[in-house]
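K.L.:
coords please:
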Amino acid sequence: MRKRRWVFAACLMLLAAMAGTAQAACEREEDHRYGSWKTKTSATCTRQGHQFRYCRNCDHWEQRYTAKLPHTPGEMTVTQAPTCTEKGREEGVCTVCGRTVRRSIDKLPHAYGEMTVTREPTCTADGRGEYTCATCGRKKAETIDALGHDWGETVTVKAPTCKASGTGEQTCLRCGRTRTVKIDRLEHVWGDWTVTREPEGARRGERTCACTLCGRARSERFYPEGTLYEDMEPCEDVIAMQEKLRDLGYYKGSIRSGTYGELTSGAVARFQKEHGLSDHGVADGETLAAITAAWEAQTGKTAVDVLDDEEMEHAEQAQTIGK
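P.N.:
Below you'll find the predicted structure:
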């Protein structure tokens, strides 16, 4: 009997200790560890819902009420048709609770027709337009942008020359307003060249010409057509000459860019010196002919053969790309 009492007392002490521990664990609100919300009463369109949740560590609980559900009306009947000035009304019966549900219907848009011009726009002033609703007669105004001037053709007042710009006059085809405009000066129209000194070796020649409109003269230094020289624009002709000089053993520089630099000039000068020509480093017509002749004699090819080989190579490349 005493043993049973002792066991019962021990159990009470253990339960008290556990309760004290749980209470101590949830002394603050943030200590609670709530489970999920449990629904006691579901919400309908006539009443709120009611939910509970409990702390996992103690016997604390809390509740909340959820909002009513919206009514679920069946087919709605229009009791007042909307217009462009007033809202309409419609009603139906909720399929859940049987209550009559009434709702408003948005206003209709105004039925504006075509715009009527009340004030015509001009070149500088805005115009006005007006719309009228065919249902209620309401009017709506609208701005019509100014037209802007419609300038006609330019009439020359002062003719331009090669030295100075001219002036002209334009007239608006609508309002008659005029404005002065600038006419760009003319480009010079150069006549034929007159050679005043022939080119010789590395020395360029000189030539002059005059504008046929104003008589202005200009001069320039020049090489004969087809001459290759240092600092000229890179081109394919320079590459072709460099390749021949390379095959002849005179040139060891790059041949990719087509640039006529010091290496090319030096190679040309060495070739000229060894072939009895003036070694000025400029590839004139005589030098180019000599380079071609020496290259053909050494390789057994002709310039025509090289062109044919290049055309064949281009054709093969095109076929490869096509595949």
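K.L.:
so Cys84 touches Ala134, yeah?
P.N.:
No: applying CB atoms under 8 Å, one finds Cys84 not in contact with Ala134, separated by 9.6 Å. For every residue, glycine as well, the C-beta is placed using N, CA and C.
K.L.:
so what's in contact with the two at the same time?
P.N.:
In terms of CB atoms under 8 Å, 6 or more residues apart in numbering, Cys84 and Ala134 are both contacted by the residues Ala111.
K.L.:
Please determine how far Thr100 is located from Val93.
P.N.:
Taking CB to CB, to the nearest Å as the criterion, Thr100 is separated from Val93 by 6 Å.
K.L.:
Compare the two (neighbour count), which wins?
P.N.:
The residue with more neighbours, out of Thr100 and Val93, is Val93; 17 against 10, by other CB atoms under 10 Å.
K.L.:
Check for me that that one belongs to a strand.
P.N.:
Yes: the secondary structure assignment for Val93 places it in a strand, going by DSSP: H, G, I helix; E, B strand; the rest coil.
K.L.:
Just the C-alphas of stretch 27-35, formatted as PDB.
P.N.:
Taking only C-alpha atoms (Å, rounded to 0.1, in the frame of the first residue of the first chain), the coordinates of stretch 27-35 have been written out as PDB:
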ATOM      1  CA  GLU A  27       6.600  32.400 -21.000                       C
ATOM      2  CA  ARG A  28       7.000  34.800 -24.000                       C
ATOM      3  CA  GLU A  29       4.700  35.100 -26.900                       C
ATOM      4  CA  GLU A  30       7.400  34.400 -29.400                       C
ATOM      5  CA  ASP A  31       8.200  31.100 -27.700                       C
ATOM      6  CA  HIS A  32       5.000  29.500 -28.900                       C
ATOM      7  CA  ARG A  33       5.300  27.000 -31.700                       C
ATOM      8  CA  TYR A  34       1.900  26.800 -33.300                       C
ATOM      9  CA  GLY A  35       0.600  24.000 -35.500                       C
END
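K.L.:
how far is it from where the chain is centred?
P.N.:
Here the centre of stretch 27-35 is set off from its chain's centre by 58 Å, with CA atoms, centre = their mean, to the nearest Å.
K.L.:
Tell me the buried residues in that stretch?
P.N.:
Along stretch 27-35, these residues count as buried under the neighbour rule (16 or more other CB atoms under 10 Å): His32.
K.L.:
Tell me which helix or strand Gly98 sits in.
P.N.:
Gly98 is located outside every helix and strand, with elements delineated by DSSP states H and E.
K.L.:
Neighbours of it, how many?
P.N.:
Taking other CB under 10 Å as the criterion, the count of residues near Gly98 is 9.
K.L.:
which phi and psi does it have?
P.N.:
Dihedral angles of Gly98 (phi, psi; degrees, to the nearest 10) stand at phi 80, psi 10.
K.L.:
for Arg221, same thing?
P.N.:
Recorded main-chain torsions at Arg221 are phi -100, psi 150, according to degrees, to the nearest 10.
K.L.:
Same check on Leu245?
P.N.:
Note on Leu245: its backbone torsions stand at phi -70, psi -30 [degrees, to the nearest 10].
K.L.:
Against Glu262, how distant is it?
P.N.:
Computed with CB to CB, the distance linking Leu245 and Glu262 is 14 Å.
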